[in-house]
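Undergrad: Got a sequence here, can you build the structure:
(chains A and B)
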Amino acid sequence: MTNPGTDAVHAHPNTMRNPGVPLQTDWFDQIVVNTQAAERRAATLTTRRTVKKEWQAAWLVNAIRCIDLTTLAGDDTPDRVARLCAKARRPLADRIMEGLGLDRLTTGAVCVYPTMVAAAVKGVAGTDIPVASVATGFPAGLMPLPLRLAEISYAVGEGAAEIDIVITRAHVLNGDWTALYDEVAAMREACGAAHMKAILATGDLKTLRNVYKASMVAMQAGADFIKTSTGKEGVNATLPVSLIMARALRDYGVLTGQKIGFKPAGGMKTAKDAIAWQILMKEELGNDWLRPDLFRLGASSMLGDIERQLEHHVTGRYAASSRHALA
Amino acid sequence: MPSVSEILETMDYGPAPEASGEVEKWLKARGAFGHYIGGAFAKPGKGFTTTNPATGEVLAKVTQGTSADVAAAVKAARAALPGWSKLAGHERAKWLYAIARHIQKRERFLAVLETLDNGKTIRETRDIDVPLVARHFYHHAGWAEMLADEFPGAAPVGVCGQIIPWNFPLLMLAWKIAPALAAGNTVVLKPAEYTPLTALAFAEICAEIDLPKGVVNIVTGDGETGAALVAADVDKIAFTGSTEVGRAIRKATAGTGKKLTLELGGKSPFIVFADADLDAAVEGVVDAIWFNQGQVCCAGSRILVAETVEKTFVARLTARLAKLRLGSPLDKSADIGAIVHPVQLARITDLVAKGQAQGAVLHQAACDLPAKGSFFAPAFLTNVQPANILSEVEIFGPVATLATFRTLDEAVELANNTRYGLAASIWSENISLALDIAARVKAGVVWVNATNIFDAGAGFGGYRESGFGREGGREGMREYLRAPTPRAKPEAETGRLDAAPVPGTPAKDGPAPIDRTAKMYIGGAQKRPDSGYSYSVHGKAGPLGLAGLGNRKDIRNAVEAAHKASGWGKATGHNRAQVLYYLAENLSAREAEFAARLKSAGIAKAAEEVATAIRRAFYYAAQADKFDGAVHSTKSAHVTLAMPEPFGVMGVACPNDAPLLGFLSLVLPAIAMGNRVVAIPAETMPLAATDLYQVFDTSDLPGGVVNIVTGGRDELAKTLAQHDDVAAMWYCGSASGTSMVEAESAGNLKVTWTMANCDWHGADGQGREFLLRATQVKNIWVPYGE
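TA: Coordinates of the predicted model:
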């Protein structure tokens, strides 16, 4: 098997910021997306590519590096968050780490509600794991803008290094790009030094054209990452939606020279999903988007499945989750 | 093997080989294969080896089929025919169902074997070829079940000789065998010499399910074996392969009465409009020409891009090309496998070099080619003018040409600037535009915003030199059924046409008659024959008058005039019906005159003949807006339209018997469907047809829709059959004329329908069969969903 050269690997995660550009609707108002074709491409990504043996193990380890290990439940407590952080610090059992020949591995981040940020910061103290906080009236975002911005400031103040904001879906559905741009730009400003991930809630946007347009406006307004879903919509991360967002990332890169990150979130539960999304990234955007500075997987239960697969890789025996630490 | 830490740095895919142990064990156990004849494998004879094109390693030895082997297989098929064809449809359905089930149970075995023998990737054999094979047998189990209901009165053709290519070995086998068996035929199939193994594995499946012996026979061999099969005592030849061989088969079967279907080459356009989803179109190219190493007859090999988006499209295509992975076909992450044989590789390499020498610029993926095996890195070429060899010749490799167009009309012109007409891909988000182009492109299969989508429920087959006949769906079943043959009514041999004056009897007293001059009728005007000669038409009581002695130039002029009348094909069925009704009306007004003319020629049932002709005009007027297509049930969220389309310009050579009714029985269905015809009326009594000009002129029939050239039937028919700009030819006449027309039509592979004279007054003289023969089916695939 031969393959033309792999892309250069990013050396410094989380250093690039997207300065944004003025709103330019001509970058996207002519966009067409053929849904059937997008679905065909998405459906065959994982039939055209696969990884086996050591490569499969490495790709699963890489997925862990990119996971925003998440808890966003109504019953979250500081202790619950502490447990999550412990898993983020030590995502694989020592015996598996040893079997894989690895000595250091953490998840990409932990992701929590604003009031849990303090607990999370404490939980990851002493590591370089960033704490991400959802904000801006997550998940629906239907709160007055000043309150949403204040929520960002609060989370940043608590120590969040990354803020996952939600957009007002109505602005997309109504094609009110100025309103969307202004909203996201204001949030970006409120984030300050914290990286901003813009959640588009693609399940609410319905068409792939809308997904592309919302992606482009969010990037123009300065989003460092674009993210599919809150995990609370009827449909969350899907490969066709991710494909179109990846193409928007590519186009924004061509137009501005900026590399923007991508975060699928919600509904991805298996090691197979982790591989599928990485194949999508590699095929459509290149190896840069297989690093945590440009790629995150928003997931909670996925890590458990990956750990089972990796233990199987190491031992040759199928694994039981009861033998792995809970997140 | 690199460590996990090392792979984390490169994030390479790594090798992912499909296991081939089971298949290798099978090959080793067999070693050499004999033919499968009469339900048993014969002892391996003298033959050749088949190799894995990815490695050059020998896989097995197969037997070179001799004429005697072919004869034995045909004999076995012939012996099995009565039993098999008389089985109830339900019984045959059960057999086809069993084949489908067993293919599914052997799906991975067959996929791996196909990959080894052909070099195509395991992704394709596993996900595309083998599932389509199973689907084809299931679908046709259904046709077997319903045959009596769906095709009342139809009978199987008989013993079918089937010759298949190496690019989709098992799938082409399925496309041939499933409909043949469903319709009650028995078969002798010859797989391609490069790829015989899945056909032999299929034979083992036939044996495994205890299929009645002789129903399926497999004879391996090269082109000589194929030629022996063509020459053998079979009732039909179905061939998929090169246009060159197709032409030879057309000539070889001319006049034999063997039914023939040909699926030949293509140079299919892949048209990208400015309003297309360009990323979707780029992926389309991957599925078109970079699918199966470009060894796909219907591949979108000529990319035509709107000038305004060319730059973006080429940039994205180049980026996508760089992502393709070439390597071991058994690797699950390979996009491009091996070219089937070193001979093919040399051909591709040579053609591409020639094209480059003529100015084409090659953009090729920078793949490292494996040290051994036949590999060609995928590519596309720019700066390929229509005059470049690569625009014209089928490359049959993973290489597309790319050219630009400015306007919609130019896109259509470029798309149709080819001798082929197999498929077309149209990319535009404007449904009105896409369907407009779909209607105007000359191709048997059109995909809108998609490419290379196949299903057993839809017809597949080409226009022009891409062959004739359809495979799949209802239209495909028809190719394996014989409509009830009309009872032949022998015609008297006609003598040589004499241009010399014929002395008559001096006139008696009384007013002199005004001389009536019958001329050629070309482009709606009466034209003197180019030769300047006329011949006498004799009636019961002496000469009736003179008719022009037509020659090649009259035919040439008539064909040109017919081409100019292209508006007729675009008119609505209703419009055409109105003209045909009007024609009936005007003929009716002159019924007595026409009857008298026929009577003077010694026609016994003259009045009846005119009355039947009028009724016939009504019948085809009625059909003009009712003989329509279908929406096939294929994939979800796809509309698959099967549209009967006129051929365009047709030649029609008419019988001498029933000079008015025979002429109209052939001309009316042809024009009712939108064709323009050049008709050679009854040689012995052309005046019955030339009298019709005035009727045509007063019936709003546009000039050029019907052109009449009088003279020697076979001589004129030969010019028509040879004419490269005539798409179809009907011939009613002698056995030698039939043979001549079929042989001469090989030049542009026009569709022919030859028939013996029949009783034109009866049921044989009209019906749907005439309309089926006057049209070709275009399948248009329109996926939908937002």
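Undergrad: Going by C-alpha atoms from here, please, whenever you check contacts or count neighbours.
TA: Noted.
Undergrad: dump the residue contacts of the residue of the stretch 201-327 of chain A found nearest chain B.
TA: Among all residues of the stretch 201-327 of chain A, A:T207 sits closest to chain B, at 6.4 Å; criterion: Cα to the nearest Cα. A:T207 makes contact with B:E786, according to Cα atoms under 8 Å, 6 or more residues apart in numbering or on different chains.
Undergrad: Please work out how many residues are found near B:A68.
TA: Residues within reach of B:A68, counting by other Cα atoms under 10 Å in any protein chain shown, total 12.
Undergrad: Who are the packing partners of the strand or helix carrying it?
TA: Here B:A68, judged by DSSP states H and E, is contained in helix B:67-86. When contacts are defined as 3 or more Cα pairs under 8 Å, 6 or more residues apart in numbering or on different chains; DSSP states H and E, helix B:67-86 packs onto strand B:36-37, strand B:159-163, strand B:186-190, strand B:216-218, helix B:223-231.
Undergrad: Could you identify which of the ones you listed is most buried?
TA: strand B:186-190 (a mean of 30; mean count of other Cα atoms under 10 Å in any protein chain shown).
Undergrad: what's the angle between it and helix B:67-86?
TA: Angle between the axes of strand B:186-190 and helix B:67-86 is 150 degrees (criterion: axes from the mean of the first three to the mean of the last three Cα atoms, to 10 degrees).
Undergrad: tell me what the helix or strand just after strand B:186-190 is packed against?
TA: Once strand B:186-190 ends, the next helix or strand along the chain (criterion: DSSP H and E) is helix B:197-208. The contact analysis (3+ Cα pairs under 8 Å, 6+ apart) places helix B:197-208 against helix B:89-105, helix B:107-118, helix B:169-182, strand B:216-218.
Undergrad: of these, which approaches B:T775 most closely?
TA: helix B:169-182 (21.1 Å; Cα to Cα).
Undergrad: Centre of the chain to the closest one, how far?
TA: 16 Å (Cα atoms, centre = their mean, to the nearest Å).
Undergrad: for the helices and strands packed on helix B:197-208, which one ends up most surrounded?
TA: Greatest burial across those, using mean count of other Cα under 10 Å, falls to strand B:216-218, with a mean of 28.
Undergrad: Contacts made by that one with the rest, please.
TA: With Cα under 8 Å, 6+ apart as the criterion, strand B:216-218 contacts B:35-39, B:73, B:76-77, B:177, B:186-191, B:199-200, B:203, B:206.
Undergrad: and if we set it to 6 Å?
TA: For strand B:216-218, contacts defined as Cα atoms under 6 Å, 6 or more residues apart in numbering or on different chains pick out B:H35, B:Y36, B:I37, B:V187, B:V188, B:L189, B:K190.
Undergrad: Just send the residues you listed back as CSV, with pLDDT and distance to A:L142 too.
TA: Shown next, in CSV, are the contacts of strand B:216-218 (pLDDT from 0 to 100; distance: Cα to Cα, whole Å):
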residue, pLDDT, distance to A:L142
B:H35, 98, 74
B:Y36, 98, 73
B:I37, 98, 75
B:V187, 98, 70
B:V188, 98, 71
B:L189, 98, 69
B:K190, 98, 69
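Undergrad: Could you dump the residues you listed into TSV with distance to chain A added?
TA: Below are those laid out as TSV (distance: Cα to the nearest Cα, whole Å):
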residue	distance to chain A
B:H35	36
B:Y36	35
B:I37	38
B:V187	36
B:V188	36
B:L189	32
B:K190	32
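Undergrad: related to what we said a few turns ago, let's have the helices and strands packed on helix B:67-86 in JSON lines, adding distance to B:R347.
TA: Converted to JSON lines, the helices and strands packed on helix B:67-86 look like this (distance: least, Cα to Cα, whole Å):
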{"stretch": "strand B:36-37", "distance to B:R347": "32"}
{"stretch": "strand B:159-163", "distance to B:R347": "22"}
{"stretch": "strand B:186-190", "distance to B:R347": "24"}
{"stretch": "strand B:216-218", "distance to B:R347": "29"}
{"stretch": "helix B:223-231", "distance to B:R347": "18"}
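Undergrad: do you know how far the residue of the stretch 201-327 of chain A closest to chain B is from B:A281?
TA: 19 Å (Cα to Cα, to the nearest Å).
Undergrad: Would you mind naming what in the stretch 1-150 of chain A lies close to chain B?
TA: Residues of the stretch 1-150 of chain A lying close to chain B by Cα under 6 Å from any Cα of the partner chain are A:1-3, A:32-35, A:37, A:48-52, A:54-55, A:58.
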